[in-house]
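Student: Fold the following.
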Amino acid sequence: MRGTEDANGTGDEVHERVRRSYDVVAEEYRTRIGGELDGKPLDRALLAALAEQAGDGAVIADLGCGPGHVAGWLAEGGRAVVGVDLSPAMVAIGRKEYPRAEFREGDLLGLPARDGEFDAAVALYSLIHLAPDELAPALAEIRRVLRPGAPLLVSFHIGDEVKNLTEWWGHDVDVDFHFLDPAAVAAALREAGFRIEAVLDRAPYAHEAETQRAYLLARREG
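Tutor: Numbering: from 1, shown residues only. This is a model prediction of the structure:
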């Protein structure tokens, strides 16, 4: 990943740690998280709304797709879906588990896609691994791969802290989770050329980590 400097190393080094961490937990992640949409009615409703807005024949990108369960859910609903993830292990799981979707290895600062290739995109809890000064270029890159008028759904944990995880489900990892301010993300989306159409937040479900979650539905302008 093209990177910037932070207190814990260059951006390339930081994202390499993220990649390795998700590779290490990929199978456990699929086992624990792969069926999460069954218990997330709001997420399903928002994804369905995004797919409806995208229209028939749309190609939807799942950016930061993890093991591919969201991409798979959309594909099972009859949509053409392309999942993109930084972790090769996650991409391999997606290809195996959800053959109706396409999966590519890549990152938010250099997406493996043509200009305007997608009719809609989701980025669920993937912006949280970006350094603050990477948010703007990542949103610009997302805009690049969307056609004009395409909807975008993003979600993240609300706050202003950075949590570093060194142990995850019994595995040694080194990954930062950036909590984000919805107003700041909305401003960054507008600056990147998106129109904000909806902003909402919710409390965690009983089976989730105890953090407030934000959802922003935006649309690419121009």
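Student: host element of the residue most central in space within the chain?
Tutor: Nearest residue to the geometric centre of the chain (CA atoms, centre = their mean): A123, 2.9 Å. Mapping A123 onto the secondary structure by DSSP states H and E places it in strand 120-124.
Student: got the contact list for the helix or strand just after that strand?
Tutor: Downstream of strand 120-124, the first helix or strand assigned by DSSP H and E is helix 135-145. Outside helix 135-145, the residues that touch it by CB atoms under 8 Å, 6 or more residues apart in numbering are 61, 63, 108-111, 113-118, 121, 123, 127, 130, 152, 185, 188-189, 191-194, 220. C-beta here means a position set from N, CA and C on the backbone, and glycine is covered the same way.
Student: Buried ones among those residues?
Tutor: 61, 63, 108-109, 111, 113, 117-118, 121, 123, 127, 130, 152, 185, 188-189, 192-194, 220 (16 or more other CB atoms under 10 Å).
Student: Okay, and which of those map to helices?
Tutor: 185, 188-189, 192 (DSSP state H).
Student: Which one of those residues is nearest to R213?
Tutor: If you rank those by distance to R213 using CB to CB, V185 comes first, at 12.4 Å.
Student: ok, now which ones touch the closest residue to R202 other than its chain neighbours?
Tutor: In this structure, R202 finds its nearest non-sequential neighbour in R213, 5.4 Å apart by CB to CB, 6 or more residues apart in numbering. The neighbours of R213, taking CB under 8 Å, 6+ apart as the test, are 155-158, 201-204.
Student: mind redoing it with 10 Å?
Tutor: By CB atoms under 10 Å, 6 or more residues apart in numbering, the contact set of R213 is 40, 42-43, 124-125, 155-158, 200-205.
Student: related to what we said a few turns ago, and the angle for the strand holding A123 with helix 135-145?
Tutor: Interaxial angle, strand 120-124 versus helix 135-145 (axes from the mean of the first three to the mean of the last three CA atoms, to 10 degrees): 150 degrees.
Student: out of the ones in helices among the buried ones among the contacts of helix 135-145, who's nearest A75?
Tutor: L189 (26.0 Å).
Student: quick revisit: ok, now which ones touch the residue nearest to the centre of the chain?
Tutor: 61-65, 84, 108, 138-139, 142, 152-156, 216.
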